[in-house]
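# Attaching a predicted model along with its sequence, questions to come.
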Amino acid sequence: MTEAPAEGHHAAHTWQEARQRAFDCAAPIPPGPVPLRSALGRTLAADALAVQDMPHYASSAMDGWAVNGSGPWILSEPGQRLAPHQASPIVTGGLIPPGAKAVLRSESGVMTTDDDGLPVLALGGTAKPGEPRNGQHIRKAAEEAAAGEVLLTAGTVLNPAHIALAALAGLDQVEVLGKPLVRFLLTGSEVVEQGVPLPGQVRDTFGPQLGAVVELLGGIAGEQLRVGDNYEEWISALQDIEPPLDHLTADDPYQETEPPADVVITTGGTGRSGTDHFRRAVADLGGRLLIDGIAMRPGHPAVLAELPDGRFVLGLPGNPLAAMMALLTVGAPLLAALGHRQLGGVGEVPCGAMIDADPGRTRLMPFKLVYGLASPAQHTGPGMMRGLAGADGIMVVPPHGVQLGELVPAFALPWGKPLPAPKSAEDKPRKAPARQAKKAPSGPVDWSALDA
Ligand SMILES: Nc1nc2c(c(=O)[nH]1)N[C@H]1C(S)=C(S)[C@@H](COP(=O)(O)OP(=O)(O)OC[C@H]3O[C@@H](n4cnc5c(N)ncnc54)[C@H](O)[C@@H]3O)O[C@H]1N2
Ligand code: MOO
């Protein structure tokens, strides 16, 4: 389907084309090892095996004495081989000495003397008859797993217990599917990071937000770099957006420092004014544009490029809501492709309003669900965040508009609940024929909640 070009002078992709192109242009990042401390939420690319028996030695489960045979026992030095009727002190987790058959808990034994006045250990205290049974209170070697046993299978999404198990198994790192590392280049000399902005200044919405959204979209949020509106700053930031050298810790075998980014997300500078440098910077670096504008609103100036070193650069418009819509349209499929995931589906919701046509462009409208109908949110200007902050999802309104009650394509927010499942056939609203203006049904819908 070809839509008319969006505002401006260049042919843009449709919303659907842009999503698909962002997904198709990237290949999954190959698997690689990560240290256990970075493995949470990662997907195992290969089975994780026990490096050695677990536990790898027989140990005591109690504080007390390792004993051989029945009492009374003559005490010997800890760690030495025990002959029958010998015992030696041991603590929980201690290595069971050769010859030991069981562990007597400290509360079940007493030190006393034999007929010759020599010190011996005898049953006493809370000891039960027959205590200790053979093997009692000994954690046998390999009782959890034998060396080489598969503990976690490929495909497992690692939770904290999996990571602890891998550590217990003697692993320092695990092989996981690739996950895109994203760095941020936030531009604009009018942007301030804290306090109340003066006229002409604007509070930065991206710094506190983008990393979190990228993580929700399956990326790893890396460093943020800020530059003003000067072209030289822009280009050197895009060239050198690798971490500063003082982050390098040469003696850390697991690299505390970030590896090169897979994706750089820039904010602002996508327009075509003198201070908007995205396209020129990409061209000067020898990169190529993959998406140059999208026939959608808001977010139409979004750009996606690939640099000669393989990094993708996603240019988000400076307007905060526009940037989010561009990120969900282009960034989400790109990160999914790089991260071994499928292109997210687009669902449908019944529309709670009639939305006029806007030839040539798709509109992305934050909506709230009111009695099961998607009602366009208020406060959704490209520079506003209030509508999105309270939204249940985003409607993808086609250029020809939507009739009241008609099903409209929609997607859930990365931080929100999934869209409600479509209702059964009988109570599913009918798809109204496109472009056919119908009168709004005067059915028994209570709109009072919309005023809330
Ligand atoms: N003549 C035209 N002007 C504009 C067009 C157009 O088609 N023709 N499109 C408008 C649309 S739509 C958008 S979106 C913006 C895109 O602008 P840029 O990507 O070049 O972004 P900037 O100009 O740098 O900033 C736009 C706006 O966003 C604010 N901003 C920037 N960074 C932040 C931040 N970190 N936090 C909050 N707000 C930020 C900035 O102050 C501007 O108000 O172009 C329109 N113009
Ligand atoms: O398309 Mo702009 O991105 O509306 O704010």
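Now that the structure is in, tell me what you want to look at. Residues are numbered from 1 along each chain as shown. Ligands and ions are numbered 1, 2, ... in the order given.

# quick check: mean pLDDT across stretch 83-103?
On average, the pLDDT along stretch 83-103 is 96.

# Would you mark the buried spots in it?
86-88, 90, 94, 96-97, 99-103 (16 or more other C-beta atoms under 10 Å). (C-beta placed from N, C-alpha, C; glycine too.)

# Give me the distance from it to the chain's centre.
Offset of stretch 83-103 from its chain centre (C-alpha atoms, centre = their mean, to the nearest Å): 48 Å.

# swap in stretch 281-296?
The answer for stretch 281-296 is 27 Å, by C-alpha atoms, centre = their mean.

# buried sites along that stretch?
281-282, 285, 287, 289-296.

# In the stretch 51-200 of the chain, what residue lies closest to ligand 1?
Of all residues in the stretch 51-200 of the chain, G188 sits closest to ligand 1, at 4.0 Å by C-beta to the nearest ligand atom.

# ok, that residue - contacts?
Going by C-beta atoms under 8 Å, 6 or more residues apart in numbering, G188 touches 202, 228-229, 267-269, 318.

# ok, which pair from those is furthest apart?
By the measure C-beta to C-beta, those have their two most distant members at V202 and G269, which lie 14.2 Å apart.

# Pick out whichever of these two has more residues nearby.
Taking neighbours as other C-beta atoms under 10 Å, V202 and G269 compare with G269 leading, 26 against 14.

# Give me the secondary structure label for the more buried one.
Here G269 takes the coil state, with states given by DSSP: H, G, I helix; E, B strand; the rest coil.

# Surely it and T187 touch.
Yes: if you go by C-beta atoms under 8 Å, G269 and T187 touch, sitting 5.0 Å apart.

# what do those two both touch?
Common neighbours of G269 and T187 (C-beta under 8 Å, 6+ apart) are 229, 234, 277, 318.

# Quick check: the first one touching F278?
No: under the criterion of C-beta under 8 Å, D229 is not in contact with F278, lying 11.9 Å apart.

# Now do the shared contacts for the two.
Common neighbours of D229 and F278 (C-beta under 8 Å, 6+ apart) are G269.

# who's more crowded, these two?
Using other C-beta under 10 Å as the criterion, D229 and F278 rank with F278 on top: 28 against 18.

# The nearest residue to T153 once chain neighbours are set aside: neighbour count?
For T153, ignoring the flanking residues on the chain, the nearest one in space by C-beta to C-beta, 6 or more residues apart in numbering is D47 at 5.3 Å. Using other C-beta under 10 Å, D47 is surrounded by 15 other residues.

# if I pick the residue of the stretch 151-300 of the chain found nearest ligand 2, what's in contact with it?
When distances are taken as C-beta to the nearest ligand atom, the stretch 151-300 of the chain reaches nearest to ligand 2 at P298, 3.0 Å away. Contact analysis of P298 by C-beta under 8 Å, 6+ apart lists 317, 319, 321-322, 325, 364, 382.

# Swap in 7 Å and give it another go.
319, 321-322, 325, 382 (C-beta atoms under 7 Å, 6 or more residues apart in numbering).

# same question, L104
Counting by C-beta under 7 Å, 6+ apart, L104 has contacts 64-65, 67, 131-132.

# And those residues, which is closest to N159?
G64 (35.3 Å).

# That closest one contacts A102, doesn't it?
No: contact criterion C-beta atoms under 7 Å: G64 and A102 do not qualify, at 9.7 Å.

# so where do the helices sit in the chain?
With DSSP state H as the criterion, the chain has helices at 15-24, 160-168, 210-216, 231-239, 278-284, 320-326, 332-338, 386-389.

# hang on, the earlier thing: greatest separation within the contacts of P298: which pair is it?
Maximum distance among the contacts of P298 (C-beta to C-beta): 9.4 Å, for N319 and M325.

# In terms of neighbours, single out the busier of those two.
In this view N319 and M325 are compared by other C-beta under 10 Å, and M325 has more residues nearby, 29 against 22.

# What number of residues are in the vicinity of L40?
Neighbours of L40 (other C-beta under 10 Å): 13.

# That one: what's it in contact with?
158, 160, 163.

# quick one: which of these is nearest Q194?
P160 (33.6 Å).

# And the closest residue to the closest one other than its chain neighbours, how close does it get to ligand 1?
Computed as C-beta to C-beta, 6+ apart, the closest residue to P160 that is not its neighbour in sequence is L40, at 6.6 Å. Applying C-beta to the nearest ligand atom, to the nearest Å, the value for L40 to ligand 1 is 29 Å.

# ditto for T205
4 Å.

# Can you report how many residues lie near that residue?
Neighbourhood size, T205 [other C-beta under 10 Å]: 19.

# Wait, it touches A322, no?
No: with contact defined as C-beta under 7 Å, T205 does not count as touching A322 (11.2 Å).

# Residue of the chain closest to ligand 1, please.
G318 (2.4 Å).

# re earlier: from the buried residues of stretch 83-103, which are also near ligand 2?
Applying C-beta under 6 Å from any ligand atom to the buried residues of stretch 83-103, one finds that nothing falls near ligand 2.

# and which of those is nearest to ligand 2?
G94 (66.9 Å).

# For the stretch 351-452 of the chain, which residues are neighbours of ligand 1?
Going by C-beta under 6 Å from any ligand atom, the residues of the stretch 351-452 of the chain near ligand 1 are 382-383.

# which stretches of the stretch 351-452 of the chain aren't confidently modelled?
424-452 (pLDDT under 70).

# cool, the chain as well?
In the chain (pLDDT under 70), the answer is 1-11, 240-258, 274-275, 424-452.

# let's see it at 50
Along the chain, the parts satisfying pLDDT under 50 run over 1-9, 243-255, 434-452.

# Break it down into its structural domains.
Per the record, the chain has its domains at 15-30+178-338, 45-54+144-176, 59-139, 347-452, by automatic domain parsing.

# Pick the most deeply packed of the ones you listed.
Each of those was scored by mean neighbour count; the highest is domain 15-30+178-338, a mean of 19, by mean count of other C-beta atoms under 10 Å.

# ok so, going back, tell me which two in the shared contacts of G269 and T187 are the farthest apart.
So, the shared contacts of G269 and T187 by C-beta to C-beta: farthest apart are W234 and G318, at 13.3 Å.

# Kindly state the beta-bridge partners for the closest residue in space to P132 that isn't next to it in sequence.
Excluding the flanking residues, the one nearest P132 by C-beta to C-beta, 6+ apart is A102, at 3.8 Å. Beta-bridge partners for A102, by DSSP bridges, are V67.

# Spit out the contact partners of L181.
By C-beta under 7 Å, 6+ apart, the neighbours of L181 are 220, 222, 258-259, 261-262.

# For stretch 95-113, output the C-alpha coordinates as PDB.
Below are the C-alpha coordinates for stretch 95-113, written out as PDB (Å, rounded to 0.1, in the frame of the first residue of the first chain):
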ATOM      1  CA  LEU A  95      34.900 -32.000  54.600                       C
ATOM      2  CA  ILE A  96      34.000 -35.500  55.800                       C
ATOM      3  CA  PRO A  97      37.200 -37.200  56.800                       C
ATOM      4  CA  PRO A  98      38.100 -40.600  55.400                       C
ATOM      5  CA  GLY A  99      36.600 -43.500  57.400                       C
ATOM      6  CA  ALA A 100      33.700 -41.400  58.800                       C
ATOM      7  CA  LYS A 101      30.300 -43.100  58.500                       C
ATOM      8  CA  ALA A 102      28.000 -40.400  60.000                       C
ATOM      9  CA  VAL A 103      27.900 -37.100  61.800                       C
ATOM     10  CA  LEU A 104      26.700 -36.800  65.400                       C
ATOM     11  CA  ARG A 105      25.100 -33.400  66.100                       C
ATOM     12  CA  SER A 106      26.800 -31.400  68.900                       C
ATOM     13  CA  GLU A 107      23.600 -31.500  70.900                       C
ATOM     14  CA  SER A 108      23.500 -35.300  70.800                       C
ATOM     15  CA  GLY A 109      27.000 -35.900  72.200                       C
ATOM     16  CA  VAL A 110      28.800 -35.200  75.500                       C
ATOM     17  CA  MET A 111      32.500 -35.300  76.300                       C
ATOM     18  CA  THR A 112      33.100 -37.600  79.300                       C
ATOM     19  CA  THR A 113      35.800 -40.000  80.500                       C
END
